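J.: Need the 3D shape of this:
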Amino acid sequence: MRVLLIVAAVALLYAAGPADAASKRAGAPRAVPKAKCVAAKAAAKRATRLSRRAAARRRALLRRCAASKRVRVGESGGGLIGMPGALAAPIPFAAPHPASGDPAGPSPAPTPAPEAPVLPPIYSNPYAVQVQGFEFGLQLSKAAVSAGDVRVEFNLARAEDPHNLWLVREDGTGSAHTFDEEPSGAVVAKMLPLTRGRWKLFCSLSGHEAAGMRATLTVN
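T.: Numbers count the residues shown, from 1 in each chain. Have a look, this model is predicted:
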């Protein structure tokens with residue numbers, strides 16, 4: 001029985017020799033059939049005496065069997081037993097490109113600023129009056145306005161020096177209203193609650209009222 005196993009192992013080694021040579025000529029390892037590897041391992045366990053050449057061939061066959069086993073489990077062997085030669089790195093997703101137009105995309109439309117209410121001009125608005133100051137006088141755009149919240153514009157576009165403006169009732173009742181001293185060219189407007197009656201307007205800087213910077217406004 002032992003002799004038969006030895007003869008079978010030698011035959012397997014001789015059969016593997018040409019295949020091994022062809023594999024070397026092709027430049028790539030070839031997988032050894034599993035049955036041949038099992039038979040070679042069994043023969044190696046039972047055989048005790050082999051010639052040097054037969055022992056070398058047996059060792060070569062066992063190494064090829066070990067390599068074939070690694071190929072089967074996917075440790076190596078690019079292109080063998082249906083395994084891919086290498087695992088390619090995943091292809092990164094390409095950044096989306098705008099279909100057309102500005103590469104940065106359409107810019108958001110600016111939010112329109114709220115529009116200020118449009119008031120009637122001073123000459124036609126019964127609740128508005130312009131007071132122009134100059135050297136030396138006060139000129140009103142109109143002599144009378146309606147009682148209530150009146151828009152009073154203190155305009156120094158014609159002035160050469162700073163001036164201020166006071167509004168007081170001629171009868172001395174009620175509260176006075178003032179505009180601070182403003183430089184030449186300034187235009188300042190305020191909403192003032194004016195009651196019915198006659199209002200005195202003047203510049204309180206030293207000597208200005210006496211020089212002519214005074215006027216009277218009637219509130220109906």
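
J.: helices or strands next to whatever helix or strand residue 60 lives in in the packing?
T.: Residue 60 is part of helix 52-72 when elements are defined by DSSP states H and E. Applying 3 or more C-beta pairs under 8 Å, 6 or more residues apart in numbering; DSSP states H and E, one finds that helix 52-72 contacts helix 2-26, helix 34-46. In short, each C-beta sits where N, CA and C put it, glycine included.

J.: rank those helices by mean pLDDT and give me the bottom one.
T.: Within these, confidence is poorest for helix 2-26, with a mean of 54 (mean pLDDT).

J.: May I see the buried residues of the helix holding residue 60?
T.: Buried residues in helix 52-72, counted by 16 or more other C-beta atoms under 10 Å: 54, 57, 58, 61, 62, 64, 65, 67, 68, 71.

J.: Run through the protein and note the low-pLDDT ranges.
T.: Along the chain, the parts satisfying pLDDT under 70 run over 1-32, 40, 42-50, 68-123.

J.: residue ranges of the strands in it, please?
T.: Secondary structure of the chain (DSSP state E): strands at 128-134, 137-140, 144-145, 148-155, 163-169, 177-182, 187-194, 197-202, 214-219.

J.: of the ones you listed, which approaches residue 36 most closely?
T.: Among the strands of the chain, strand 187-194 comes nearest to residue 36, with 108.4 Å by C-beta to C-beta.

J.: the domain parsing of the protein - what is it?
T.: Following automatic domain parsing, the chain resolves into domains at 2-72, 128-219.

J.: and of the buried residues of helix 52-72, the nearest to residue 137?
T.: If you rank the buried residues of helix 52-72 by distance to residue 137 using C-beta to C-beta, residue 71 comes first, at 111.8 Å.
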